[in-house]
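J.: The following comprises the amino acid sequence and a computationally predicted model.
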There are 6 protein chains.
Amino acid sequence: MFIIEAVEALESYFPLSFQESWDNSGYQIIFKHNILNGILLTLDVRMETLQEAIENDCNLIISHHPLFLQPLKNFDYTFYPENILYAATKNEISIYAAHTSLDIAPNGLNKYLCEKLSLKNFAMLEDLKPVFVGELEKEQTFSDFLEFIKKTLNIPVVKYVLSHNKTIKKIAICSGSCADYIYKLKNYNIDVFVTGDVKHHTAIFAKENKINMIDATHFYTEVCSKDILFDCLKNLNIKIIKSCKDYIPWDYI
Amino acid sequence: MFIIEAVEALESYFPLSFQESWDNSGYQIIFKHNILNGILLTLDVRMETLQEAIENDCNLIISHHPLFLQPLKNFDYTFYPENILYAATKNEISIYAAHTSLDIAPNGLNKYLCEKLSLKNFAMLEDLKPVFVGELEKEQTFSDFLEFIKKTLNIPVVKYVLSHNKTIKKIAICSGSCADYIYKLKNYNIDVFVTGDVKHHTAIFAKENKINMIDATHFYTEVCSKDILFDCLKNLNIKIIKSCKDYIPWDYI
Amino acid sequence: MFIIEAVEALESYFPLSFQESWDNSGYQIIFKHNILNGILLTLDVRMETLQEAIENDCNLIISHHPLFLQPLKNFDYTFYPENILYAATKNEISIYAAHTSLDIAPNGLNKYLCEKLSLKNFAMLEDLKPVFVGELEKEQTFSDFLEFIKKTLNIPVVKYVLSHNKTIKKIAICSGSCADYIYKLKNYNIDVFVTGDVKHHTAIFAKENKINMIDATHFYTEVCSKDILFDCLKNLNIKIIKSCKDYIPWDYI
Amino acid sequence: MFIIEAVEALESYFPLSFQESWDNSGYQIIFKHNILNGILLTLDVRMETLQEAIENDCNLIISHHPLFLQPLKNFDYTFYPENILYAATKNEISIYAAHTSLDIAPNGLNKYLCEKLSLKNFAMLEDLKPVFVGELEKEQTFSDFLEFIKKTLNIPVVKYVLSHNKTIKKIAICSGSCADYIYKLKNYNIDVFVTGDVKHHTAIFAKENKINMIDATHFYTEVCSKDILFDCLKNLNIKIIKSCKDYIPWDYI
Amino acid sequence: MFIIEAVEALESYFPLSFQESWDNSGYQIIFKHNILNGILLTLDVRMETLQEAIENDCNLIISHHPLFLQPLKNFDYTFYPENILYAATKNEISIYAAHTSLDIAPNGLNKYLCEKLSLKNFAMLEDLKPVFVGELEKEQTFSDFLEFIKKTLNIPVVKYVLSHNKTIKKIAICSGSCADYIYKLKNYNIDVFVTGDVKHHTAIFAKENKINMIDATHFYTEVCSKDILFDCLKNLNIKIIKSCKDYIPWDYI
Amino acid sequence: MFIIEAVEALESYFPLSFQESWDNSGYQIIFKHNILNGILLTLDVRMETLQEAIENDCNLIISHHPLFLQPLKNFDYTFYPENILYAATKNEISIYAAHTSLDIAPNGLNKYLCEKLSLKNFAMLEDLKPVFVGELEKEQTFSDFLEFIKKTLNIPVVKYVLSHNKTIKKIAICSGSCADYIYKLKNYNIDVFVTGDVKHHTAIFAKENKINMIDATHFYTEVCSKDILFDCLKNLNIKIIKSCKDYIPWDYI
C-alpha cells in the first residue's frame, strides 16, 4: 500500500473541507508513492516522536496537531519545527495532521468527549463550532463532577474556576484551547465549561458571569484523538502504533 | 482634591502615550470633578472589588487590568463587565486602568520584577517590548531557580516546562500573558522564560527549542502592580488602600 | 409584563435581521426582567426625552434613532450620549431603537411615506434599499408638488433644488439622510427625489443631472415612525405615549 | 503665457502637497501648452460656468470644488460631470481645482474667514485641521452674533442650533461641509461652531453637548474663495473674471 | 440604428456579468443615441486605430482590450490613453471593450482556440477560469506541435520552453497573458501550456516541473477575437471592418 | 570557515535591510556552522545547479533569485521548488539569495549595468527604485543602440519596441522584470527603457507614449550578478565557482 492510500482512507472520515480557514490540516510532508510500512499515531510531533517512528519502522506519522501552522520561507534546521522537517526528509517519514477536520467531524473528537462523559442530548452549537453542549443524566455537585472529569480523562492535576455552588446539569465542552469561547457562552445558560488552556482573563470573565470552568488541559482533552484515529484505520491491514512519547509538556511544583 | 487631579498625578508617571495600540489604558468610568475620598488599588475589577471600594469609602479604583477592552454599544447589566458599569454608575465610583502604560514604563512593572529577582544587566528588548532580559548574579540549577521564583513571588503552585538541564544564567521575563513571545525569543539564547498563561503549544515550542519556561501565573507576576502604584501615589495626602479581594481565579485538585 | 416581552412583540414586526450591517438597531440599555410600566415613543433620545419618560412613569423608551452608533469604552458622563446612559441607569429606564430594521421592513417607514403621499405602483429599489420609487396618480407642477409635500408632512420650511420645469410624475423617496443616493438615482429617470439632509454637493449633482430634489428634512420624514410603532404596539394592554419633546433641532433666521 | 505657467503661479501659494489624502486638488483637465487667454474663477464648475468661460474667452477655469472626486473609467457624456469633460475637451478649456490645498494654506480660506469675522488669537487646531478656533473681541449674545454672521457673509437664510443662552466668545469655524467635526469639538470648550451642511445628527449632538451651531451654508462660507484666488493671481497680467453664475443651489419655501 | 443597439446585440452574446472582478469590459466612451455608421473591430485601441475608424467612417470601435483599466481623475491629453479619449470625444467615436466577458463566454475566445487547434474533450477548468484543457487527437512530438501552433496561429516567431521530450497529448491553453497560471497547473498533469507573455520565473517553474510551455504571444492568441466578434455582429446590417492597423508591438533582432 | 561567516561577509556589501518589503533575500536553507568547502554563484537555483554544486564540492550556493518567494506549509518533494529543498537537505547544501538587496545597493546590479553601458550622469530615481536614469556620451540612432546592447550584454535575440525614430540620448534601465515601471516613466522624458520581461500591454503603452523599449531579457540583464558577487567574495580564500548551468530558459523558432 502507498502512503497516499492510507491518507485517502483517513480523509474519507475527516475530509479536509471540514477544517477551519486558519488551519493546516492535511499533509505536512509527504512521500506519496513510498510503500507504507507502518503508522504512528500521536498528539504532537516532537523529535522523540520522530525517533519512535523510526525505531518502530513506521514511515507515516498521523498527528492531531499540525507541525506547520506558520508557513516557512527560510530553513535553519537548528530550530523546531524545522528540525523535524530535516529529520523527516532524511528518513523519508511522511507526516499528516487531522486537526480541526477531526474536531468538527460528526464522529470526531468533541463528539467522542461527550460520549466518554455520558452526556445526553448533546449537539454542536451551530454558531460556535466546535463547542458541544449536553446534559448530565443526573445533576451532580461541582465537586463530584470535577472528580468525575479527573478520573474519566485520567488527568493528574485539574485547574478549575469555582463561580457558583449550584448543582451541575448543563455542560459545554470543547477540546484543546477554546477558553476564549467563554465570551459567547455567557448567553447559553450553562453550568460549567470544560476546555483547556484557561487563562486569567477567561477565568475572571467566567467567575463574574457565574459559569464554572474546568481546565481539563489541552493535552488530556485531545490525547484521545489517537483512539479515534486508530478505530478509523484499524482495518487497513497495516501496523498501527499509538505513540508512547506523548506526554503533557509541563509539571507543577 | 478632585478625581481628575489624582489621575493627572498618576499619568505623570505612566503617560497614556506609553500604552500599546490595542490597549484601553486610561479612565474606564470617570466622575472628573467629584471630590476624591479615597483610592482602592487592585489588579482586577470584579464585583467584590467594587463592594470593597464602597465599604472603604473609596470613590476611585485604580486597576492594572482595563474593565473594557471590547467597546460596548448594547448595555444589559445582568452580565459582567456591564454589571460593574451599573454599580459604579449608581455609586459614582470612578475606575482607571494603568495597563500597558505601566508594563512598559521606565519604572514600570517589568523593571520592578527584574529588581525583585535581583537580575543584573537587565534591559527591555527593543524589538520585543515589554520583554526584559537580564542575568542572575550566580548561575543556579533550574530546580533552585524554580524555588526562588516560587518563594520570591509567593506563588502557591508553579507550572513549569523542563527543556534542558543546564544551569540557569540568562533570564527573559514578561509579566502577564506573554507566552506567545517564545516564538521570537528562540533567537535570544536565553535559559529560561518567566511569564504567565503558558499554553500547550507555547510549552511544546519551548521544550523543543531547549528553553525552560516558568508559568509564574498572570496573577502573581502582576499583583505587585498595586505596590508600584502605591509608591507613586502615597504623597497625595489621601487614603489609599490595596485591595484584599484580589486573588488568583482558580484552584487545583 | 416584562420589558423583554414588549421588545419581542416589537421584533415580530421589525426583526433585527432586517437592519443594515453598520446599524445598531436593538436594545441600547435594557433591564429585561423589570416590570413594564409604560412605553414612550420618540424619534431621538435626548435628555428632555428621558425626563418626559420619568415624569410619565414610562420605563421603556422606543426610539427610531439609536443612542449608540459608535461603541464606547470610556465613560465620562458629562458628555452626550453618555449622560443619557447615566440617567437611564440611575432610573432603570430601558431604551430600544428600531432604526434601519424599521426603514426597510415591508410595513416600515418608507412604505408608510409612499402611502401618505398617495403614490401608485411604488416599490423598494432592489439595488438601492431602502429607496422607494412610485408615481403620482396625476402629474403636477413642481410648485404644486412642493406645497403638497409641505402640507402633508407638516413641514414649516422646505429646502428644494429646482433643476427642471417639467411636470412631476415619477418620485423617489427615502426618509432620513439619504441624499447621497442621488449619485445612483441618475439612472432611474425620476422627476424628483424627496429626502432629508441635502448637502451642497448632492444639490449640485441633482441640479446638473436634471433631477429636482426636496429636502423634506430628516425630522419630518421620520417623526411619523412614532405612529407606525404605536400601531404595532397598541394591543399590548400597556400605557403608550408619543413624546411631545421631539422637535426639529434647528431654526431659521 | 501658457496655461501651465498660471497653474505654477497659483501652486506657489497653494502647493498640492497641502491637500488631504482623499482630495483631488490640481488639474482636472489641462491643455498645458495652450496660450492662456483669460481665467474664470468659480466655486463650482457647472455647465453654465463653462458657457460663461467660453463667452468671456477664458480658457482656464480655476474652481474651489474639484470636478472629479470619483475617478472615471466609463464615459457617457449625457451625465454630469462627464458632460463638462466633453464640453471642455471640445473647446479646449482647462480646469483646475484649489480645494483642500486652499482650505489649509497659511493664507487660505479658513484664515480669510477668521479675519473677515474680526476674530482674535485664532489658530488652526493641529489635531483637527482645517478647523480654526478664535475669539470675539467682545462677548455678544448669540442673537447678535447670528445677525453679524448673516450680514458679514451676506447669507439670505441662516439655519442655526440653539443649545445654550450664554454669551458668545469662543468660536470654531470651518468652511464647507465640516459638521461632523462637532464630535471632536466637544472637548474644546467652544461657544459656537460655524460651518455648512449641518445635518440632523450633528445638530442633535451639538444641542445635547451645549454647543451652538450656525449653518452659514457651504456656499456662503466658500464663495469668497474667488476673492482669495483673485488676489493671488491679479499680478499675472492676464484677464481674470469672477464667475457670476455661482449661486446657492437651493431655495426655501 | 443607434450605437446602443449594437452594444445590446453584442451583450446578448457576451454579457458584462461574465467579466472578472478587476476588469473594465463594457463601454469606455459612448454616444448612446448617435446613429451608427459603421463598426471597426480591433484588438487594441491605439491612435492609428482611431484614425482608421475615422477614415472608414466607423463611429463605433469594438476592441478586445479595454482602453481604461486604471480609472482617471486628471486629464492631460498629451499622454496615452487620455489622448485617445480626446480624439474620440472630438470625433464622437464610441469605444466598447469585450474583454474577459469574451475570454470566458461559452462561445468565447478560449473555446475558439481549442477548436482552431482541433482539440478533443476540451473544457474550461472550473477552478482556474478561463484556462481550457483538452487533448490532441493523435500524440505528436513537441517539435511537430510547435510547428503546428506557429502555422495555425500564423506567428512569425515563437518562444518556447522545452522541459521534457515526451510526446504531446494533453494541452492547457489560455489566450493573452496567463503565464502565472502555471503555478496551479502543475497539478493537472499536462504536457504543454500554450499562452502569451511568458516571463523568466514562469519559464523556470515550468522547466523544473517538466511542463513544456509555448509563448504563442499575447497578440496572436487574441487577434482572432475580431473574427469572433464579426460572426456575432455580421447580421446587424451595418458596415463592419476588421482593423488592419493591429500588429504585434515588437520586433526581434 | 563556517557557512555563516561567508554569509556575513556578503551581507557587509548587501545588507538585508536594503531589500524590498515583498522580497525574500537572505538564507533559503542554511547549515550555519557547517565548514564551508566552496561557493557556487548562480542566477537561478535549479536541479542542475544543485548537482553542479555537489559535483564541485561546493556546499554554499549564492543565487540572485530566491528559491522561496511563496512561503510553504505542505511539503511534497515531487514538485519544484520543494524538490530542491529535499536535495539540499539530503546533501547539506546551504542556499542564499542576494536579490533586491543586490539590485538596489550602491555598488549593486543596476549601477553595474550603467557602467557596463558607459552611461554618464546616472543615478537611481528616488521615486522609482531601483530604476536608474543616465545618458549616453554621444547620441546614437536606435538601431545602433540596439546593436550595442545586444553585443555588450551578449544577448542572442533581442525583442524591442520601436516607438519613435529620434536619436537616443537619455536611457532608463532596470534589470530583471521591471516593464511595469513604464507607467510611471512616461513623465521622465526618456528616449528608451531597457529592461526584461516586456509584455503586450507595457509594449503598447510605451509605443503610444513614444518611448522606445528594449527587452534585453531578464536573464541577460541579471546573469552578471555572478560577476558582482565574485568580486565581493574573491578575497575570502575559498573556492568560488560561477555556475555554467545558468542559461536562458527558452528558445525561439
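T.: Perfect, thanks for sending it. These numbers were taken from a predicted model, which means no experiment stands behind them. Numbers count the residues shown, from 1 in each chain, chains lettered A, B, ... in the order given.
J.: Of all residues in chain A, which one is closest to chain E?
T.: The nearest approach of chain A to chain E comes at residue A:32, 12.3 Å away (Cβ to the nearest Cβ). Backbone N, C-alpha and C define where each C-beta goes, glycine included.
J.: Chain B versus that residue, what's the distance?
T.: Going from residue A:32 to chain B by Cβ to the nearest Cβ, to the nearest Å gives 27 Å.
J.: which residues sit in contact with that residue?
T.: By Cβ atoms under 8 Å, 6 or more residues apart in numbering or on different chains, the residues touching residue A:32 are A:2, A:3, A:4, A:94, F:76, F:78.
J.: Who's the closest spatial neighbour of the last one, skipping the chain neighbours?
T.: Yep, that's residue F:78 we're talking about. residue A:32 (7.1 Å; Cβ to Cβ, 6 or more residues apart in numbering or on different chains).
J.: Could you check the pLDDT of that neighbour?
T.: Here, the pLDDT recorded for residue A:32 equals 97.
J.: and what of the one 5 residues further on?
T.: In this model, residue A:37 is scored at 98, pLDDT.
J.: who's in contact with it?
T.: A:57, A:58, A:59, A:239.
J.: Around chain F, which positions in the stretch 51-200 of chain A sit nearby?
T.: Within the stretch 51-200 of chain A, the positions near chain F by Cβ under 8 Å from any Cβ of the partner chain are A:68-78, A:85-86, A:89-90.
J.: In helices only, show me these.
T.: Cross-referencing those against helices under DSSP state H gives A:85, A:86, A:89, A:90.
J.: just to revisit the earlier point, give the buried subset of the residues of the stretch 51-200 of chain A next to chain F as a ChimeraX selection command.
T.: Restricted to buried positions by 16 or more other Cβ atoms under 10 Å in any protein chain shown, the ChimeraX selection for those reads:
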select /A:68,72,75,76,77,85,86,89
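J.: so where do the helices sit in the stretch 1-150 of chain A?
T.: Remark: helices assigned in the stretch 1-150 of chain A by DSSP state H, counting those that start in this stretch are A:3-13, A:47-55, A:82-91, A:100-104, A:109-116, A:142-152.
J.: my read: residue A:38 touches residue A:56, true?
T.: Yes. Using Cβ atoms under 8 Å, residue A:38 makes contact with residue A:56 at a distance of 6.4 Å.
J.: which residues are in contact with both of those two?
T.: In terms of Cβ under 8 Å, 6+ apart, residue A:38 and residue A:56 are both contacted by the residues A:239, A:241.
J.: Distance of the residue of chain A closest to chain E relative to residue A:232?
T.: Counting by Cβ to Cβ, to the nearest Å, the gap from residue A:32 to residue A:232 is 20 Å.
J.: Could you do residue A:136 as well?
T.: Taking Cβ to Cβ, one finds residue A:136 at 28 Å from residue A:232.
J.: re the thing from before, out of the helices of the stretch 1-150 of chain A, which gets nearest to residue D:243?
T.: Among the helices of the stretch 1-150 of chain A, helix A:100-104 comes nearest to residue D:243, with 65.5 Å by Cβ to Cβ.
J.: Can you give me the neighbour number for residue A:82?
T.: For residue A:82, the count of nearby residues is 18 (other Cβ atoms under 10 Å in any protein chain shown).
J.: Repeat that for residue A:97.
T.: Other residues near residue A:97 come to 24 when the count uses other Cβ under 10 Å.
J.: list the contacts for it?
T.: Residue A:97 is in contact with A:24, A:25, A:26, A:28, A:62, A:63, A:64, A:65, A:66, A:67, counting by Cβ under 8 Å, 6+ apart.
J.: make it 10 Å
T.: A:19, A:23-28, A:45, A:61-69 (Cβ atoms under 10 Å, 6 or more residues apart in numbering or on different chains).
J.: Now it. Nearest residue, chain neighbours left out?
T.: Using Cβ to Cβ, 6+ apart, the closest residue to residue A:97 is residue A:66 (4.0 Å).
J.: Correct me if wrong: that neighbour contacts residue A:98.
T.: Yes. Using Cβ atoms under 10 Å, residue A:66 is in contact with residue A:98, at 9.3 Å.
J.: between those two, what contacts are shared?
T.: A:19, A:25, A:26.
J.: Read off the pLDDT value for the first one.
T.: Going back to what we said before, that points to residue A:19. 96.
J.: Show me the residue sitting in the middle of chain A in space.
T.: residue A:222 (3.1 Å; Cα atoms, centre = their mean).
J.: Return the set of residues that bridge with residue A:212.
T.: Assessed by DSSP bridges, residue A:212 has beta-bridge partners residue A:192.
J.: how much space is there between residue A:230 and chain D?
T.: Taking Cβ to the nearest Cβ, one finds residue A:230 at 60 Å from chain D.
J.: Got phi/psi on that residue?
T.: Main-chain dihedrals, residue A:230, degrees, to the nearest 10: phi -60, psi -50.
J.: That one reaches residue A:240, doesn't it?
T.: Yes. If you go by Cβ under 10 Å, residue A:230 and residue A:240 touch, sitting 6.1 Å apart.
J.: Give me the more crowded residue out of these two.
T.: Counted by other Cβ under 10 Å, residue A:230 and residue A:240 do not tie: residue A:240 has more neighbours, with 18 against 15.
J.: Grab the nearest non-local neighbour of that one.
T.: Nearest-residue entry for residue A:240: residue A:39, 4.7 Å, with adjacent residues in sequence omitted and distances by Cβ to Cβ, 6+ apart.
J.: Number of residues surrounding the one you found?
T.: Neighbours of residue A:39 under the rule other Cβ under 10 Å: 26.
J.: can you check residue A:88 too?
T.: Residue neighbour count, defined by other Cβ under 10 Å, stands at 26 for residue A:88.
J.: dump the residue contacts of it.
T.: Shown in contact with residue A:88 (Cβ under 10 Å, 6+ apart): A:28-31, A:45, A:50, A:53-54, A:59, A:61, A:67, A:81, A:94-95, F:75, F:89.
J.: Could you verify my assumption that residue A:184 touches residue A:125?
T.: Yes. Taking contacts as Cβ under 10 Å, residue A:184 lies within contact range of residue A:125: 8.8 Å.
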